[in-house]
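Q: Next comes the sequence, and after it the predicted model I'd like to discuss.
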Amino acid sequence: MTAHPSLPLLEEHLEAPMSRLLGLRLVHVTTGEVTLQADPQAMFRNRQGVMHGGYIATLLDCACGFAGCTMVPDGAFSLTAELKVAYLRKIEMGSAPLTLVGRVQKAGRQLLFTEGAIRDAAGRDLATATSTLLVQSGGDRR
């Protein structure tokens, strides 16, 4: 992976407890777009034995948020203001690895509009999302 100015911030996010729990791995980063991978874990299954909707939404929130990180100025961070998820296909344990793609559609000074997708190994969309991120300056990001 080539170095990108936001790489240190993204690597910091990968060390966050939630990212570690999800097993996120950064595959590619460019300005306005990231690609991550994750493997479905048994602990994220629902009663029907497929991945829980909250798990799927969290992966998409991470993909969108990581993409937003590539567009915020130094010393700033973004928070999710809105997340809309479309569950297109069930995600099963055998769907690994999942590819998560996050992309900034439009970047403003205060708002970032993003989209995300979870894809299986065959490249089929399993779930998609749109997200609005609120850009905040200063303060502690942790």
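A: Here it is on my side, so go on.
Q: Can you name the residues in contact with stretch 82-95?
A: With contact meaning CB atoms under 8 Å, 6 or more residues apart in numbering, stretch 82-95 is reached by 40, 42, 45, 49-51, 53, 56-57, 60-61, 64, 98, 118, 120-121, 124-132. Bear in mind the C-beta positions are built from the backbone N, C-alpha and C, glycine included.
Q: and with 7 Å instead?
A: Stretch 82-95 has contacts (CB atoms under 7 Å, 6 or more residues apart in numbering) with 40, 42, 50-51, 53, 56-57, 60-61, 120, 124-132.
Q: just the buried members of those?
A: Buried by 16 or more other CB atoms under 10 Å: 40, 50-51, 56-57, 60-61, 120, 126-132, out of the contacts of stretch 82-95.
Q: What is the most widely separated pair among those residues?
A: Pairwise distances across the buried ones among the contacts of stretch 82-95 peak at 27.9 Å for 50 and 132 (criterion: CB to CB).
Q: Thanks again, I'm all set now.
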